[in-house]
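> Return atomic coordinates for the entry below.
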Amino acid sequence: MERVSGLLSWTLSRVLWLSGLSERGAARQPRIMEEKALEVYDLIRTIRDPEKPNTLEELEVVTESCVEVQEINEEDYLVIIRFTPTVPHCSLATLIGLCLRVKLQWCLPFKHKLEIYISEGTHSTEEDINKQINDKERVAAAMENPSLREIVEQCVLEPD
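Take a look at the predicted model:
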C-alpha cells in the first residue's frame with residue numbers, strides 16, 4: 001500500500017509540474033514566455049525605418065521591453081507589441097506598424113495572435129493608427145497595393 005501511495009504521489013507531482021501548476025512548473029512558465037518574447041524581438045529589431053537608413057532598434061522605436069508574450073493555450077500565444085514612434089506626429093507610424101505585423105506573420109515560428117499598438121501617449125493619432133494596424137481587412141488591402149508592398153518588403157527583408 002505504501003508503494004502505491006508513493007507512486008500516486010510521484011505521478012500527481014509530475015502531472016502538476018508538467019501542467020505548470022506546481023511551483024517548479026510555474027517558475028518554468030515565465031522563462032518560456034521571456035524566451036518567446038526575445039525570439040519576437042530578434043525578428044522585429046532589424047526592421048528598417050521607411051525613411052531612414054536605421055533599424056527600429058537603433059532608433060529605439062522597439063526595445064526588448066516593448067514585446068510581451070502570453071500563453072493562450074498549449075500551442076497558441078498572444079504577442080503584444082507596443083512601439084514608440086520617433087516623434088508624436090510621425091507620418092509613418094502606420095507603415096511601421098504594418099511592417100511589424102508583416103514581418104511577424106512571415107517569420108514567427110509558433111502559432112500566434114498578434115496585437116500591435118503605439119505606446120500610450122507617444123503619438124497624436126494613436127487610437128486611429130492602433131485600429132488600422134490591428135484590422136485584418138485593412139492590412140490585407142494595404143498589402144495588395146504594389147507600391148506599399150514593395151516598401152514593406154524593403155523594410156522587413158534582412159540585408160544580405
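> ok, and what's touching the helix or strand residue 149 falls within?
Per DSSP states H and E, residue 149 falls inside helix 146-156. Applying Cβ atoms under 8 Å, 6 or more residues apart in numbering, the set of residues contacting helix 146-156 from outside is 47, 48, 49, 50, 95, 98, 99, 102, 103, 106, 142, 143. For every residue, glycine as well, the C-beta is placed using N, CA and C.
> quick one, what contacts the fifth one?
It stands for residue 95. 50, 148, 151, 152, 155 are the contacts of residue 95 under Cβ under 8 Å, 6+ apart.
> Next: the third one.
Neighbour list for residue 49: 55, 56, 59, 61, 92, 96, 155 [criterion: Cβ under 8 Å, 6+ apart].
> For those, which two are the farthest from each other?
The distance between the two most remote of the contacts of residue 49 (Cβ to Cβ) is 14.3 Å, for 55 and 92.
> Mind giving me the PyMOL select for the contacts of helix 146-156, buried ones only?
Selecting only the buried entries of the contacts of helix 146-156 in PyMOL, with 16 or more other Cβ atoms under 10 Å as the criterion:
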select buried, resi 47+48+49+95+98+99+102+103+142+143
